[in-house]
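Peer 1: just a sequence and a predicted model for now, questions to come.
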Amino acid sequence: MFDLDAYLDRIGTGPNPTLRTVWSGLPASHRRALTAVAENTDALYAAARRHGGSRGGAIHTAVKALVNRGEIAGDHGARTGFRLTDPLLAAWIADNSSSTGNIKPGA
(Lines give C-alpha, C1' and ligand atoms only; values in the text may rest on other atoms or scores of the structure.)
Protein backbone atom coordinates (compact mmCIF):
# COMPACT_ATOMS: atom_id res chain seq x y z
CA MET A 1 0.00 0.00 0.00
CA PHE A 2 1.22 3.50 -0.87
CA ASP A 3 2.22 5.49 2.23
CA LEU A 4 1.56 9.11 1.31
CA ASP A 5 2.92 10.52 4.57
CA ALA A 6 6.23 8.69 4.16
CA TYR A 7 6.46 9.83 0.55
CA LEU A 8 5.82 13.46 1.47
CA ASP A 9 8.44 13.24 4.22
CA ARG A 10 10.98 12.01 1.66
CA ILE A 11 10.29 14.66 -0.98
CA GLY A 12 9.61 17.56 1.36
CA THR A 13 6.75 20.00 1.13
CA GLY A 14 8.39 22.63 -1.06
CA PRO A 15 7.03 23.85 -4.38
CA ASN A 16 6.16 21.06 -6.77
CA PRO A 17 6.30 22.23 -10.40
CA THR A 18 4.40 19.22 -11.75
CA LEU A 19 1.46 19.75 -9.41
CA ARG A 20 1.51 23.49 -10.01
CA THR A 21 1.40 22.84 -13.79
CA VAL A 22 -1.66 20.60 -13.42
CA TRP A 23 -3.30 23.21 -11.20
CA SER A 24 -2.45 26.17 -13.45
CA GLY A 25 -3.84 24.42 -16.51
CA LEU A 26 -7.34 24.23 -15.04
CA PRO A 27 -10.08 26.86 -15.24
CA ALA A 28 -11.03 28.54 -11.95
CA SER A 29 -14.25 26.53 -11.63
CA HIS A 30 -12.28 23.27 -11.89
CA ARG A 31 -9.79 24.49 -9.26
CA ARG A 32 -12.67 25.31 -6.90
CA ALA A 33 -14.15 21.85 -7.43
CA LEU A 34 -10.78 20.13 -6.90
CA THR A 35 -10.23 22.11 -3.71
CA ALA A 36 -13.67 21.16 -2.40
CA VAL A 37 -13.05 17.49 -3.20
CA ALA A 38 -9.51 17.48 -1.74
CA GLU A 39 -10.63 19.09 1.53
CA ASN A 40 -13.74 16.86 1.75
CA THR A 41 -15.22 18.88 4.62
CA ASP A 42 -18.68 19.69 3.22
CA ALA A 43 -21.10 18.46 0.60
CA LEU A 44 -19.81 19.34 -2.86
CA TYR A 45 -22.08 22.29 -3.68
CA ALA A 46 -21.72 23.88 -0.22
CA ALA A 47 -17.94 23.50 -0.35
CA ALA A 48 -17.74 24.94 -3.86
CA ARG A 49 -19.76 27.98 -2.80
CA ARG A 50 -17.43 28.46 0.16
CA HIS A 51 -14.54 28.59 -2.34
CA GLY A 52 -16.17 31.23 -4.49
CA GLY A 53 -18.46 29.20 -6.73
CA SER A 54 -21.77 30.83 -7.50
CA ARG A 55 -23.94 28.32 -9.35
CA GLY A 56 -24.72 24.64 -9.07
CA GLY A 57 -24.57 24.33 -12.86
CA ALA A 58 -20.97 25.55 -12.92
CA ILE A 59 -19.83 23.05 -10.29
CA HIS A 60 -21.74 20.26 -12.06
CA THR A 61 -19.96 21.10 -15.33
CA ALA A 62 -16.57 21.27 -13.58
CA VAL A 63 -17.09 17.92 -11.86
CA LYS A 64 -18.16 16.27 -15.11
CA ALA A 65 -15.03 17.59 -16.85
CA LEU A 66 -12.76 16.50 -13.98
CA VAL A 67 -14.25 13.00 -14.01
CA ASN A 68 -13.72 12.82 -17.79
CA ARG A 69 -10.09 13.96 -17.35
CA GLY A 70 -9.54 11.28 -14.71
CA GLU A 71 -8.70 13.84 -11.99
CA ILE A 72 -11.57 12.74 -9.72
CA ALA A 73 -13.72 9.65 -9.29
CA GLY A 74 -16.98 8.94 -7.50
CA ASP A 75 -16.63 7.93 -3.85
CA HIS A 76 -19.84 7.32 -1.92
CA GLY A 77 -17.92 7.42 1.37
CA ALA A 78 -16.68 10.99 0.83
CA ARG A 79 -18.69 14.00 1.95
CA THR A 80 -18.38 15.52 -1.52
CA GLY A 81 -19.22 12.21 -3.21
CA PHE A 82 -15.85 12.29 -5.01
CA ARG A 83 -12.14 11.80 -4.39
CA LEU A 84 -9.04 12.89 -6.26
CA THR A 85 -7.43 10.01 -8.12
CA ASP A 86 -3.91 11.28 -7.39
CA PRO A 87 -3.27 11.20 -3.62
CA LEU A 88 -0.24 13.48 -3.94
CA LEU A 89 -2.28 16.13 -5.78
CA ALA A 90 -5.03 15.80 -3.15
CA ALA A 91 -2.53 16.34 -0.32
CA TRP A 92 -0.86 19.26 -2.13
CA ILE A 93 -4.20 21.01 -2.74
CA ALA A 94 -5.43 20.45 0.82
CA ASP A 95 -2.13 21.71 2.27
CA ASN A 96 -1.78 24.73 0.01
CA SER A 97 -5.27 26.01 -0.74
CA SER A 98 -6.69 29.22 0.59
CA SER A 99 -10.31 29.76 1.53
CA THR A 100 -11.01 31.01 -2.01
CA GLY A 101 -9.73 27.87 -3.74
CA ASN A 102 -6.48 29.52 -4.82
CA ILE A 103 -3.10 27.98 -4.14
CA LYS A 104 -1.04 30.00 -1.69
CA PRO A 105 1.94 31.85 -3.21
CA GLY A 106 5.13 29.80 -3.24
CA ALA A 107 3.34 26.44 -3.13
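Peer 2: Looks like it came in fine.
Peer 1: quick one: low-confidence parts of the chain?
Peer 2: Low-confidence segments of the chain, defined by pLDDT under 70, are located at 1-16, 47-56, 97-107.
Peer 1: which helix is the longest one in it?
Peer 2: For the chain, the helix that runs over the most residues, judged by DSSP state H, is helix 56-69.
Peer 1: C-terminal to that helix, what's the next element?
Peer 2: strand 72-74 (DSSP states H and E).
Peer 1: sheet partners, orientation included, of whichever helix or strand comes after that following strand?
Peer 2: In the C-terminal direction, the helix or strand that comes right after strand 72-74 (DSSP H and E) is strand 82-84. Each strand paired with strand 82-84, and its direction, by DSSP bridges: strand 72-74 (antiparallel).
Peer 1: show residues contacting the partner strand.
Peer 2: Among residues not part of strand 72-74, those counted as contacts by CB atoms under 8 Å, 6 or more residues apart in numbering are 33-34, 37, 63, 66-67, 81-85. (C-beta placed from N, C-alpha, C; glycine too.)
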